[in-house]
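Visitor: sequence and computational prediction follow.
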2 protein chains.
Amino acid sequence: MGKSQIRIGLLGFGTVGSAFVELLETQKSSIFSKTGLELVVTHVAVNDLTKDRSGLNAQTLLTNKPNEVIENTEVDLVVELMGGLLPAKDLVEAALENSKPVITANKELLSKEGRHLFTLAGVRKVDLLFEAAVAGGIPLIRVLRESLLGEPVEKIMGIVNGTTNYILSQMEEKSMPYSEALLEAQNLGYAESDPTADVSGQDAASKAAIIAMVAFGADVSLDDVPFEGIENISSADVAFAKRAGCAIKLLAMVSKYENELEVQVYPAMLPNSHPLSSVRDSFNAVFVEGAAVDSLMLFGRGAGGMPTASAVLGDVIDAAVNLSNRTYRDIGDLTEVPLIQGDEQKSAYYVSVQVIDEPGVLATVASVFAKHDISIQTMEQEGMDREARLVFITHEVEENRLEGALSELSNLSCVEKLGTVIRVLEA
Amino acid sequence: MGKSQIRIGLLGFGTVGSAFVELLETQKSSIFSKTGLELVVTHVAVNDLTKDRSGLNAQTLLTNKPNEVIENTEVDLVVELMGGLLPAKDLVEAALENSKPVITANKELLSKEGRHLFTLAGVRKVDLLFEAAVAGGIPLIRVLRESLLGEPVEKIMGIVNGTTNYILSQMEEKSMPYSEALLEAQNLGYAESDPTADVSGQDAASKAAIIAMVAFGADVSLDDVPFEGIENISSADVAFAKRAGCAIKLLAMVSKYENELEVQVYPAMLPNSHPLSSVRDSFNAVFVEGAAVDSLMLFGRGAGGMPTASAVLGDVIDAAVNLSNRTYRDIGDLTEVPLIQGDEQKSAYYVSVQVIDEPGVLATVASVFAKHDISIQTMEQEGMDREARLVFITHEVEENRLEGALSELSNLSCVEKLGTVIRVLEA
C-alpha cells in the first residue's frame, strides 16, 4: 500500500464541481473507514477568483491558473469538471503526461479525443475514468468496462439525454406540442436557452460514441455518429404512437452485426412492453443485450449536480485505491471497426403524409409504396377540413429504399407536405 | 504485472458451472486481447465422475476430490458453483487459507458465513467475489461495492426472486389463482418441486442479508432477517391491487434510519408509477435510493445458467486482473448495526376480512379499527352469497398496533376469517 492521503486537484467549480466537494466532505470519514484513504481536495482551479466559494475549505488553494494544479507535485489526482473541448483537452493531456490519474465528466472531450487520451493514459500507466460523462449517476461505464468485460455484448440502446426525454414525456402525458414542452423544459432548467445540442441528438451522439469505445473497443468519434433529433416530432405523431401501444424515445443505438458496428442516434417508436418505453421525465436508462447475460437495464438520473457528483466520487475512490495499490485499469487500445451506413439498415418505419382530401389520393400514395416494393403494416387517415393526414407503418425496409419512395411522394401534386418519419422498433 | 496465464479450479459442474466453461471458451481470445490474460479452467471437481462432461476440454483434470483442486499449487483461483452450505463452506475457507482468490455464486454460504469469510479473505489479502450470489446477471454487488462506495445510500428495494415474481405476474396478468401459477412455474422449471425456499421469502432473505453486508458494511446474517412469503396471496388480493393502480411484489428491503438498519422481506403493493412495479415475469430488479445519486435501478435476469455465468465471468476476470497486479479489493470489516424490529415500523396496510353478510357488520369491523386509532384510507365491500369480503387500506400505522386490531377482529363472531395483510408502499 502507498500513501494514505490522496490529494485531489479540481478543475472547475460549477454545479458538479461544488456538489462534488460538498459530497466528499460529508462522506470523507465513511470513505476512510472503508478504504483507509483520506481524500482531500487541496487545489481548485476556477475562472473567476472573485466569486463566492463558501463551499470550500479554508485550506483549499484557489487559483485561476489550472496549469498550476496539474503540474503541482502535491496533487496526486486530477478531477476535470470544466466541460468543453478547450482548454480541457490540453489540461487533461498535461495531467496524464505528468502521470496523474484523471477523472472527467467531459463527454465532448472523450467523444472527440477519446482514443488519443486512452492511449496516453495507458502509456503513463494511470487511470482515466469517466463514469459521469455518460448518463450521469448511472454506473454504465463501470458495468461495461468491468462486469461485462467478458460478455458477448450485442446491442446497447440508451435514453441518454434527459432533456429530450422530458420533452417527449410531456408531449405524451399532457398532449403538449413540442414547442410548449421545450419551453417548460427550459423554465425548469432541463433545457438550455439554445437547446440545439440536446434536441438535435448531438449530445446523445457523443454519448453513443463513448459507449461504442467502451463496450466494443471501437475507435469511434463523434464525427462518425449520424444523429437525428426530436425537433420535427408533432403531438399527432406522439398521439398516434400512444394509440399504437408505443412511446417515442430518442435512442443512442450501438449494435454489433458480425464484424460491423452500428452507432447512431434517432427517435424511435418503442412498444410499451419494452423496459425503456416506461422511462419518463428527465430520467435516463440504458438497455444492454448480451448473448450470455440476456437483457440488462440500468436506470437513473442522467444529469444534475449531485447525481453526477456521485458518479465522479465513485471514480475518484477507484483511482485513489488503485493509486495506493500502485496499479490502474487499462482501457486497452481502440481498434478501427467498420461502421454500418444507415441507409443499408432495415427497419419498420412510421411515415406521416399531409394530403389534399379528395377521391383517389389514398390509392395514389399507396401505389408509390407498392412501386418501391414497400409493404404496409397499418394505415390510418385523419381528416382535417380540406386536408387529410395519412399515417403508415411499413414492414421492414432499407432506409435508402424508403427514401426513394419519400422523394417520389413529395413530388405528388396531392401531397401537401411530408411529415415525420420515425423508426418503429420491436420489443 | 505477474503471470499472464491464470489457472482456474472449478468446484461444481451443474447448470451454472457448465455454462461458465462454455462462455469462457467463446470469450477467451477477446478477454486475452483486452487484459493480456489467458484464463484456463485446469481443474474441475464434480460429484459423479461417470457423467458425460463433453463440454470440457480434454486437458481439464476432472476429479471427485474437491480438496485436490483447492490445495493444488497449479490452481491460481477457485470458482465455487456447488451451492449449499456444506461442503462449500469448508472448501471456500480452505481455498482462502491457501491464499487463492475465490469467486462464488453461493447465497446460502454468504448469508450465513459472510462475515467470517470476508475477514479471512482480508487476512489472506485475496479477493472473495460473489456478484452471481444476488440477482444473477445483474451487476448489483459491483455497483454497491465500487460505484456507490462513496454514496450515502439510504434504501435498497429488490425484486430478487424470479420464481415469486413470475407467480405474481401470472396471477395479475391472467387472473390465475396462486396454486395454478405455482404449478405453471414448476412446469417451466422456474420453481422447484418443493418451492418453499422461494415462496416463503427465505431465498430473498438471504439476498437481503448479503445486500445489507455490502451496502452498509453491516454484520447481518440470514437469521437476522424476518421474512414473509407470497403463499397467502389470493387472486382477489391481486385483483384489488390492480384496480387500485398497484402491483404486488415480493421485496427485499434494506433501509437505513439514523443508525439503525431495516432488513426484511415482505410482499408489498407498489403503485404503478414505481419503476419496480413494471418488472414482470422472472426478471429481477433492484432499486437504490441515495442522497446524492437519487434513484437508481438495475434490471435483468436473476437466474439461469448463462446470465449467472456472465456474472461469474465478470468476477473471474476481475480477480485475475487483480492477481496479475498483485492486489485485491478488501470488503472491509463488517460491524454490528442495530436492526429495527418490524413491529416498530410504520406502514400503510391492505387488510382483507371475510365476514357474514348481515346488517351492522361493517360498523362493527370499522369500530375495531377506530378503537385502535387506525384510520382508513379506502374501503371496499364485495358480496359473496351469505358472506362478504371487506377490504381496507389503512393510513400509516405501527405493525404492533395493527396486530392488536387484527387479533380483536378475528375474535368477532361476524368475522369468518382474516384474509391477507399486505404493506402498501408509496411511489
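Guide: The structure has been received and is ready for your questions.

Visitor: let me know the secondary structure of A:Q27.
Guide: helix (DSSP: H, G, I helix; E, B strand; the rest coil).

Visitor: can you check the one 4 residues further on too?
Guide: For A:I31, the reduced secondary structure class is helix; criterion used: three-state DSSP.

Visitor: next SSE downstream of the lowest-mean-pLDDT helix or strand in chain A?
Guide: Every helix and strand of chain A was ranked by mean pLDDT, DSSP states H and E. The lowest is strand A:376-384, at a mean of 87. The helix or strand immediately downstream of strand A:376-384 is strand A:387-394, counting by DSSP states H and E.

Visitor: what about the helix or strand following that next one, average pLDDT?
Guide: Using DSSP H and E, the next helix or strand after strand A:387-394 towards the C-terminus is strand A:397-398. Strand A:397-398 carries an average pLDDT of 94.

Visitor: for chain B, what are the nearby residues on the stretch 251-400 of chain A?
Guide: Within the stretch 251-400 of chain A, the positions adjacent to chain B are A:275, A:278, A:283, A:290-301, A:304, A:306-307, A:309-311, A:313-314, A:316-318, A:321, A:325, A:327, A:329, A:332 by CB under 8 Å from any CB of the partner chain. Quick note: C-beta positions are derived from backbone N, CA and C, even for glycine.

Visitor: of those residues, buried ones?
Guide: A:275, A:278, A:283, A:290, A:292-301, A:304, A:306-307, A:309-311, A:313-314, A:316-318, A:321, A:325, A:327, A:329, A:332 (16 or more other CB atoms under 10 Å in any protein chain shown).

Visitor: show me these that map onto helices.
Guide: Among these, DSSP state H puts A:M306, A:P307, A:A309, A:S310, A:A311, A:L313, A:G314, A:V316, A:I317, A:D318, A:V321 in helices.

Visitor: ok so, going back, export the least confident helix or strand of chain A to PDB, keeping only CA atoms.
Guide: Written as PDB, here are the backbone C-alpha positions of strand A:376-384 (Å, rounded to 0.1, in the frame of the first residue of the first chain):
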ATOM      1  CA  ILE A 376     -47.600  -1.600 -45.300                       C
ATOM      2  CA  GLN A 377     -48.400  -3.000 -41.800                       C
ATOM      3  CA  THR A 378     -51.100  -0.400 -40.800                       C
ATOM      4  CA  MET A 379     -52.500   2.700 -42.200                       C
ATOM      5  CA  GLU A 380     -54.700   5.500 -40.700                       C
ATOM      6  CA  GLN A 381     -56.400   8.500 -42.100                       C
ATOM      7  CA  GLU A 382     -57.400  11.600 -40.200                       C
ATOM      8  CA  GLY A 383     -59.500  14.300 -41.900                       C
ATOM      9  CA  MET A 384     -58.700  17.900 -41.300                       C
END
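
Visitor: would you map out the domains in chain A?
Guide: Listed domain ranges for chain A are A:5-136+A:305-324, A:149-301, A:342-424 (source: automatic domain parsing).

Visitor: please identify which helix or strand holds the spatially closest residue to A:S347 that is not a sequence neighbour.
Guide: Among residues not flanking A:S347 along the chain, A:R423 sits closest, at 4.5 Å (CB to CB, 6 or more residues apart in numbering or on different chains). Using DSSP H and E, A:R423 sits in strand A:415-424.

Visitor: which strands and helices lie in contact with that strand?
Guide: helix A:235-243, strand A:260-271, strand A:346-356, strand A:387-394, helix A:399-410 (3 or more CB pairs under 8 Å, 6 or more residues apart in numbering or on different chains; DSSP states H and E).

Visitor: try it again at 10 Å.
Guide: Contacts defined by 3 or more CB pairs under 10 Å, 6 or more residues apart in numbering or on different chains; DSSP states H and E place strand A:415-424 against helix A:235-243, strand A:246-257, strand A:260-271, strand A:346-356, helix A:361-371, strand A:387-394, helix A:399-410.

Visitor: could I get those as CSV with distance to B:Q381 and mean neighbour count?
Guide: Below are the helices and strands packed on strand A:415-424 laid out as CSV (distance: least, CB to CB, whole Å; neighbours: other CB atoms under 10 Å in any protein chain shown):
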stretch, distance to B:Q381, mean neighbour count
helix A:235-243, 35, 19
strand A:246-257, 37, 24
strand A:260-271, 38, 22
strand A:346-356, 47, 19
helix A:361-371, 53, 15
strand A:387-394, 46, 19
helix A:399-410, 57, 16
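
Visitor: can you redo these as TSV with distance to A:F216?
Guide: Output for these, formatted as TSV (distance: least, CB to CB, whole Å):
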stretch	distance to A:F216
helix A:235-243	30
strand A:246-257	6
strand A:260-271	6
strand A:346-356	21
helix A:361-371	36
strand A:387-394	30
helix A:399-410	22
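
Visitor: circling back: so how many other residues sit close to the residue nearest to A:S347?
Guide: 20 (other CB atoms under 10 Å in any protein chain shown).

Visitor: that one contacts A:C246, doesn't it?
Guide: No - in this structure A:R423 lies outside contact range of A:C246 using CB atoms under 10 Å: 11.1 Å.

Visitor: any common contacting residues for the two?
Guide: A:A268, A:M269, A:L270, A:Y350 (CB atoms under 10 Å, 6 or more residues apart in numbering or on different chains).

Visitor: state the pair within these that is farthest apart.
Guide: A:L270 and A:Y350 (11.7 Å; CB to CB).

Visitor: between these two, what contacts are shared?
Guide: Joint contacts of A:L270 and A:Y350 (CB under 10 Å, 6+ apart) are A:A241, A:C246, A:I248, A:R423, A:V424.

Visitor: and the gap between the first one and A:P195?
Guide: When you say that, I think you mean A:A241. A:A241 sits 22 Å away from A:P195, going by CB to CB, to the nearest Å.

Visitor: swap in the last one?
Guide: Per CB to CB, A:V424 is found 26 Å from A:P195.

Visitor: how about low-confidence regions in the stretch 1-150 of chain A?
Guide: Counting by pLDDT under 70, the stretch 1-150 of chain A has low-confidence residues at A:1-3.

Visitor: typo on my end, the stretch 301-427 of chain A
Guide: Scanning the stretch 301-427 of chain A for pLDDT under 70 picks out A:342-343.

Visitor: report all helices and strands that the helix or strand containing A:V214 contacts.
Guide: Element membership of A:V214 [criterion: DSSP H and E] is helix A:202-216. Here helix A:202-216 touches helix A:107-124, helix A:140-142, strand A:153-159, helix A:162-174, helix A:196-199, strand A:246-257, strand A:260-271, strand A:283-290, going by 3+ CB pairs under 10 Å, 6+ apart.

Visitor: tell me what angle it forms with strand A:283-290.
Guide: Calculated by axes from the mean of the first three to the mean of the last three CA atoms, to 10 degrees, helix A:202-216 forms an angle of 30 degrees with strand A:283-290.

Visitor: mind listing what's buried along helix A:202-216?
Guide: A:202-216.

Visitor: average pLDDT across it?
Guide: The pLDDT scores in helix A:202-216 average 98.

Visitor: next, the angle from it to helix A:162-174.
Guide: 110 degrees.
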